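1. Just need the structure, nothing else, for what follows:
(chains A and B, ligands or ions: 2)
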Amino acid sequence: MVVVRLVNVTKVFRTGVVGVKDINLTVNHKEFMALLGPSGSGKSTTLYLIAGIYRPSSGKIFFDDRDVTNVPPKDRNIGLVFQNWALYPHMRVYDNIAFPLRIKRLPENEIRKKVLETARMLRIEKLLNRYPWQLSGGQQQRVAIARALVKEPDVLLLDEPLSNLDAQLRISVRAELKRLQKKLGITTIYVTHDQAEALAMADRIAVINNGRIIQIGAPEQVYTKPATVFVGGFLGNPPMNFVEGEIIEDKGKLYIVIAGQKIISPTHYEPIVRRRGLRKVIVGFRPEDTMILPECRDRNECVKGMVYAVEPMGREYIVVADLGGELVKAIVPRTLVLTDDQEICLCPSLAKIVLFDPKTEKSLESLAAEKD
Amino acid sequence: MTKTNLFSKIKNFIHSDAFIFLLPAIILIIVFYLIPIVVSVYMSFTPLKNWNIARYIHEFVGFENYWRFLYMVTHDPTVRPIFITTVVFILITLAINVLGGLGLAIATFFMGEREASSTQLLWLLPRMTPIAVYSMIWYYFFHGSEIGTLNSILMSLGIIHNPIDWGQSIIPWGPWMIIIFVNGLVGVSYGMIVFTSAISNIPKELVIAARVDGASNWSITKNILIPLLKWHIVYVTTWQMLSLLTTYDHIFLLVEWGLVNRYYGTTWALYIYNMAFTAAEKDLGLAAATGVILVIVGAILGLLALKILGFEKMVKEPRGDI
Ligand SMILES: Nc1ncnc2c1ncn2[C@@H]1O[C@H](COP(=O)(O)OP(=O)(O)OP(=O)(O)O)[C@@H](O)[C@H]1O
Ligand SMILES: [Mg+2]
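-> Ligands and ions are numbered 1, 2, ... in the order given. Model (predicted):
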């Protein structure tokens, strides 16, 4: 039963580099939390702070109600899996897994029992006599996880454990890892820069950039309601489309002008836009929420564009469309026949459009939430 | 192998890239190693004395110098101490060099950055100090009269009442202690540097992982650092052993200045040097024979050490591609 809580945690390195700034994060008991961000955003730093390898420059870290800010790593009962797995190259798999227990001076027969049990759980019981360099990447990764789990930690910390595996293996292992986490019910913090991994595995995602947490939420929420342009552009493959829009009012109704064409403003944004008196917005819409029609006729949520390129992706096509000089993408079924430079009609689903403030790049919802 | 076969192989080698790459090393080895050895071997078969090359150079005495060497070792009471001294000196100094270097490298690994670099610098000082200056410092430190630092400290503390002539009176451990101490101090830095750079190449995650599991510094040292430094320990041990077998510069000065006993302060390498350059009658033929035997012993010891310690495996096993 461990809830991990970071309160206003800042880490400034001796070199003056700010690793993370003002991190507030609560990871609930048994929760699978993904820490998602680009390279150098402070993911590993956050993880090492939770592990106790780094001391925060300011702020506090709690495991339940216990203040562990100044507790050394060994007294936090955590399991840590590194990006490069950090297996001891001179020890056999068995000894690698047994190492944490040997340090605790458990009796050898008990160690044996636990190592075998953990190895069986991760299906590596046949590899116990091998050295790490005699294993494939996927096998080494299992050994690293086994070594972290064998001491039955309260918190499992994983630093990009799948990033050294090939794409196929990554997908099969992530399902397995998620199942294992649910079965064991360990509070887990999982660092990754792969948005698909975070979306697939996590109960909640914390998106981090430049050392700050930008948004925390369920995968669905972070995906459909990104708090900033960065989040929308970081999640999804292909990511969210962004185009500049101008707000105009016509006969008491709000419209957004995109590439010289008028679409109706989503009704749920009307109050915010009016209250803030916004003239300009960034319009975000996801490729899969965008319909393509051969002609617009008089649909008031659609804009005209041109086919720039069509990328067949197997299951569907990605249409790259030229929208007044800006390229946007849409995912369409394979039944649609399109040729380059053909004029088409792009219809983003009004309900799923997200509007951002161009100055702060924050979504209007999150701006509204901030002020209230 | 036929002659033409060998010839064409050599020709091929000379035209290969490997040859160009190895050329500087080959030239160095020929000039500074092969030629002196050939000259020494040649000299060891002549009765060359007092550098009177014109007179003796064409005279051959066969293995006479080697028999004389053997006779000396077995019968001359002044030669026995030199060989015992050589063995004791090498074994103990080697242990100090390797263990000291390892200990320092590991200790500085666990220190803060600033403490680590100043500690390392301190231990590099003996290596950076000119040999004569460095030897002079210890000459005065171990001096047998009351001007000796060690004596004056012990006397002012009241531990001893009369100065002790460390290098001349406590035979054999007095002179042994001094030459081992002086050389040990110089040699530690080599191992320290090799081990430090080896440790810095160990992924830091290995150490962090062990720490998270609760491993102490000692446990990290014993279970992770030392096993991963195995090859470097082999290498430093072999290298230091061979360099101790042939070193004589500090010892030469300490003996010359009369700080240590001539018999229990002289090693094999210095003995050869004295025979060839400082003795009243410079018996160069004998010196050359003794030198040739030293080279053979060194080669055997070197190969043996590598064999025992498994260096062969380390060189053969490609690390990277398999
Ligand atoms: N020990 C350190 N000393 C100084 N700066 C550091 C240290 N560790 C990390 N940093 C800096 O802190 C910032 C965050 O680094 P961090 O390792 O947390 O990034 P990350 O999100 O894990 O990136 P990646 O995906 O590349 O692993 C970077 O700018 C990095 O250069
Ligand atoms: Mg990282």
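2. Excluding chain neighbours, give the residue nearest to residue 119 in space.
-> With no chain named, the answer covers chain A. Spatial nearest neighbour of A:A119, excluding adjacent residues (Cβ to Cβ, 6 or more residues apart in numbering or on different chains): A:E125 at 4.4 Å. Where you see a C-beta, it was placed from the backbone N, CA and C, and this is true even at glycine.
3. Sorry, I should have been clearer: chain B.
-> Spatial nearest neighbour of B:T119, excluding adjacent residues (Cβ to Cβ, 6+ apart): B:T108 at 5.4 Å.
4. Quick check, that neighbour in contact with B:S118.
-> No - B:T108 lies out of contact with B:S118 (Cβ atoms under 8 Å); the separation is 9.5 Å.
5. and those two? which has more neighbours close in?
-> B:T108 (21 against 12; other Cβ atoms under 10 Å in any protein chain shown).
6. That one in helix, strand or coil?
-> Secondary structure, DSSP: H, G, I helix; E, B strand; the rest coil: B:T108 is helix.
7. just to revisit the earlier point, show me what contacts the residue nearest to B:T119?
-> Each residue near B:T108 by Cβ atoms under 8 Å, 6 or more residues apart in numbering or on different chains is listed here: B:115-116, B:119-120, B:192, B:196.
8. biggest separation within those, which pair?
-> Within those, B:E115 and B:M192 form the most distant pair, 14.4 Å apart (Cβ to Cβ).
9. Quick one: mean pLDDT for stretch B:112-119?
-> For stretch B:112-119, mean pLDDT rounds to 85.
10. Give me the nearest residue to the most centrally placed residue in chain B, chain neighbours excluded.
-> In chain B, the centroid-proximal residue (Cα atoms, centre = their mean) is B:L244; its distance is 1.8 Å. Setting aside the residues directly before and after it, B:L244 is nearest to B:I90 in space (Cβ to Cβ, 6+ apart), at 4.8 Å.
11. Tell me the residues of chain A that contact ligand 1?
-> A:13, A:15, A:17, A:19, A:37, A:39-45, A:193 (Cβ under 6 Å from any ligand atom).
12. Contacts only, for the closest residue to ligand 1 within the stretch 201-322 of chain B.
-> At 9.4 Å from ligand 1, B:K204 is the closest residue in the stretch 201-322 of chain B, using Cβ to the nearest ligand atom. The contact partners of B:K204, by Cβ under 8 Å, 6+ apart, come to none.
13. can you tell me how far it sits from B:K230?
-> When Cβ to Cβ, to the nearest Å is the yardstick, B:K204 and B:K230 sit 19 Å from each other.
14. Get me the contact residues on the stretch 101-250 of chain A for chain B.
-> Residues of the stretch 101-250 of chain A that fall close to chain B, judged by Cβ under 8 Å from any Cβ of the partner chain: A:103-104, A:147, A:151.
15. mind listing what the residue in the stretch 101-250 of chain A that chain B sits nearest to touches?
-> Residue nearest to chain B within the stretch 101-250 of chain A (Cβ to the nearest Cβ): A:I103, separated by 4.9 Å. Neighbouring residues of A:I103 by Cβ under 8 Å, 6+ apart: B:210, B:213-215, B:219.
16. With neighbour numbers in mind, choose between B:E115 and B:M192.
-> B:M192 (26 against 12).
17. Pull the distance from the helix or strand the more buried one falls within to the chain's centre.
-> Assigned by DSSP states H and E, B:M192 falls within helix B:173-200. In terms of Cα atoms, centre = their mean, to the nearest Å, the centre of helix B:173-200 is found 10 Å from the chain centre.
18. Any buried residues in the helix or strand just after it, and which?
-> Note on helix B:173-200: by DSSP H and E, the next helix or strand toward the C-terminus is helix B:204-212. By neighbour count with 16 or more other Cβ atoms under 10 Å in any protein chain shown, helix B:204-212 contains the buried residues B:205-212.
19. Between those residues, which sits nearest chain A?
-> Set against chain A, the nearest of the buried residues of helix B:204-212 by Cβ to the nearest Cβ is B:E205 (3.6 Å).
20. so who does the closest residue to the closest one other than its chain neighbours touch?
-> Excluding the flanking residues, the one nearest B:E205 by Cβ to Cβ, 6+ apart is A:A86, at 3.6 Å. Applying Cβ under 8 Å, 6+ apart, we find A:A86 in contact with A:144, B:203, B:205-206, B:208-209.
21. ok, now with 10 Å
-> Listed by Cβ atoms under 10 Å, 6 or more residues apart in numbering or on different chains, the contact set of A:A86 reads A:80, A:96, A:132, A:140, A:144, A:147, A:159, B:203-210, B:212.
22. out of those, which one sits closest to A:P358?
-> Closest approach to A:P358 among those (Cβ to Cβ): A:D159, at 35.4 Å.
23. quick one, phi psi at that closest one?
-> For A:D159, the backbone dihedrals (degrees, to the nearest 10) come out as phi -100, psi 100.
24. What is the longest helix of chain A by residue count?
-> The residue-count maximum for a helix in chain A (DSSP state H) belongs to helix A:167-184.
25. so what does it touch, helix or strand wise?
-> strand A:32-36, helix A:108-121, helix A:137-149, strand A:155-159, strand A:187-192, helix A:195-201 (3 or more Cβ pairs under 10 Å, 6 or more residues apart in numbering or on different chains; DSSP states H and E).
26. tell me the angle that helix makes with helix A:108-121.
-> 130 degrees (axes from the mean of the first three to the mean of the last three Cα atoms, to 10 degrees).
27. rewinding a little: how far away is the residue nearest to the centre of chain B from A:R120?
-> B:L244 is 53 Å from A:R120, by Cβ to Cβ.
28. Same question for B:M128.
-> 58 Å.
29. One more: A:G236?
-> 38 Å.
30. Between those two, point out the one with more neighbours.
-> Counted by other Cβ under 10 Å, A:G236 and A:R120 do not tie: A:G236 has more neighbours, with 20 against 11.
31. The more buried one is in contact with A:F242, isn't it?
-> No - at 11.9 Å, A:G236 does not count as touching A:F242 under the criterion of Cβ atoms under 10 Å.
32. which residues are in contact with the helix or strand where B:W123 lies?
-> Assessed by DSSP H and E, B:W123 sits inside helix B:113-128. By Cβ under 10 Å, 6+ apart, the surrounding residues in contact with helix B:113-128 are A:14, B:100-101, B:104-105, B:107-111, B:134, B:137-138, B:182-190, B:192-193, B:196, B:250.
33. Model confidence score at the residue lying farthest from the centre of chain A, please.
-> Here the centre of chain A is the reference, and by Cα atoms, centre = their mean the most remote residue is A:K251, at 42.5 Å. According to the prediction, A:K251 has pLDDT 86.
34. the domain parsing of chain A - what is it?
-> A:4-227, A:234-371 (automatic domain parsing).
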